[in-house]
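Trainee: below: sequence and its predicted model.
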Amino acid sequence: MGEMEALRKEADNLKDQITEARKVVQDTTLQEAVAGTALVGRVQLKTRKTLRGHLAKIYAMHWGTDTKFCVSASQDGKLIVWDTLTTNKVNAIPLKSSWVMTCAYAPSGNMVACGGLDNMCSIYNLKGKDGNVKVMRELAAHTGYLSCCRFLSDSEIITSSGDCTCVLWDIETGTEKTIFAGHLGDCMSLAVSPDFKMFISGACDFTAKLWDIREATCRQTFSGHESDINAIGFFPNGNAVITGSDDATCKLYDLRADQELVTYQDSGIMCGVTSLAPSLSGRLLLAGYDDFNVNIWDMLKAERVGVLAGHDNRVSCIGVSSDGMACCTGSWDSFLKIWN
Amino acid sequence: MSSKMQSSNNTAHARRAVQQLRIEASIERIKVSKASADLMHYCGEHAKYDPLLMGIPASENPFKDKKPCTIL
């Protein structure tokens, strides 16, 4: 038996082992466990603010931590930092490359980052001495587009790329600290665990992977989606992961049981999921779709309990503020809306 | 690339894939009943602090525009 043949056989055996081990702990299903729990009442959120100012499609938004400020990125070539309470623009940052696909707010509030078809992650210092916002670093090494980025701190950021890898960067030196390779398709989205020790990535190979940041290893891989995973997030306690896909469904995977617990789907929904965010308690899942709507799901009962209809084009991004008080949606219609 | 290099690349790739599968096969797993119970418990404990779930009284909603009062 050649080595390739032996390796293929061993890989198949291991995959069977994993399938078996997951079955062994499947003593019930989430649906059975929540049978006695009442469905959440209908959730009706209203648009409280509309943030106007971008001149083209909005591709990404991210709330600051412990603040009502958020940052948005549009292919009009601008990054805008908004005070969502007043709708004032705190900063309007012109970008070198207008082909931006992602943006992020540092937890400290001192920096924002963005990137896209330029294959780079640009870091901007919001608190420069002369009050001007300037590029602080350009993190260049990816050989594909930057799909997502998230700060760990003012000195470290994680990026995901169309080159199928994720990278942990040292912002100070502008160098790659760790390359996370393993996905077999473009990495589309990433999310950092609440304790900042892990992150998850969703990719065009239809899988989500859990990575240990310091050990630099992939701990677990979750399959089941039938198309690209565009959006990913942690359940608030860090023990579960939610994914959103072009297959029109979202899925909840439990990390400790190492398997999918439930799929959020409806025969009436036939378009892809672009973005998602859990509410503060994790009970509600807000997901943005290609059909211009946001569907609100009861995360335990897996039923739709609300819809946010207000955009005139695809909802491309969504986020819930860190105090859970508001949800922000960004759209290809060039507007952001604040709902609660 | 010569076919020898190609095949040793393929072998290296296959070895890495097997190594990764070994890591993923070896993890400890908890029962779905416990995982579900923990998720339900977390939701239950934090529901009352979830503004989008519980609703926000108008007077406590910083995003709600205060309507001007007219004195009749």
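Mentor: In hand now; what should we look at? Numbering: from 1, shown residues only, chains lettered A, B, ... in the order given.
Trainee: drop to CA atoms for contacts and neighbour counts, all remaining ones
Mentor: Fine.
Trainee: what's the single longest helix in the chain?
Mentor: Just so you know, I chose chain A. helix A:3-24 (DSSP state H).
Trainee: other chain: chain B
Mentor: helix B:3-25.
Trainee: can you list the residues of the stretch 201-340 of chain A near chain B?
Mentor: The stretch 201-340 of chain A has residues A:218-221, A:237, A:254, A:256-258, A:261, A:279-284, A:300, A:324-326, A:340 near chain B, with proximity defined as C-alpha under 8 Å from any C-alpha of the partner chain.
Trainee: mind redoing it with 6 Å?
Mentor: A:220, A:256-257, A:280-281, A:283, A:324-325 (C-alpha under 6 Å from any C-alpha of the partner chain).
Trainee: please flag which of these sit within strands.
Mentor: Judged by DSSP state E, strands contain the following of these: residue A:220.
Trainee: what about the residue of the stretch 51-200 of chain A found nearest chain B, how many residues nearby?
Mentor: For the stretch 51-200 of chain A and chain B, the shortest gap (C-alpha to the nearest C-alpha) falls at residue A:85, measuring 5.8 Å. Residues contacting residue A:85 under the criterion other C-alpha atoms under 10 Å in any protein chain shown number 15.
Trainee: just give the nearest non-adjacent residue to it, would you?
Mentor: residue B:63 (5.8 Å; C-alpha to C-alpha, 6 or more residues apart in numbering or on different chains).
Trainee: ok, the closest residue to chain B within the stretch 1-150 of chain A - contacts?
Mentor: Residue nearest to chain B within the stretch 1-150 of chain A: residue A:25 (4.5 Å; C-alpha to the nearest C-alpha). For residue A:25, the contact set (C-alpha atoms under 6 Å, 6 or more residues apart in numbering or on different chains) comprises residue B:31.
Trainee: then residue A:57?
Mentor: A:74-75, A:332-334.
Trainee: among these, which one has the most neighbours?
Mentor: residue A:74 (28 neighbours).
Trainee: pretty sure that one contacts residue A:58?
Mentor: Yes: at 4.2 Å, residue A:74 and residue A:58 qualify as touching, with contact defined as C-alpha atoms under 6 Å.
Trainee: worst-scoring helix or strand of chain B, pLDDT-wise?
Mentor: helix B:3-25 (a mean of 88; mean pLDDT, DSSP states H and E).
Trainee: poorly predicted segments of the stretch 1-150 of chain A, please.
Mentor: Per-residue confidence for the stretch 1-150 of chain A (pLDDT under 70) gives these ranges: A:1.
Trainee: can you give me the strands in it?
Mentor: For the stretch 1-150 of chain A, the strands defined by DSSP state E, counting those that start in this stretch cover A:47-51, A:58-63, A:69-74, A:78-83, A:88-94, A:100-105, A:111-116, A:120-125, A:134-140, A:146-151.
Trainee: how big is the angle separating the second one from strand A:100-105?
Mentor: Translated: strand A:58-63. 10 degrees (axes from the mean of the first three to the mean of the last three C-alpha atoms, to 10 degrees).
Trainee: which strands border strand A:58-63, and is each parallel or antiparallel?
Mentor: strand A:69-74 (antiparallel) (DSSP bridges).
Trainee: quick one, the partner strand and strand A:111-116 angle?
Mentor: 20 degrees.
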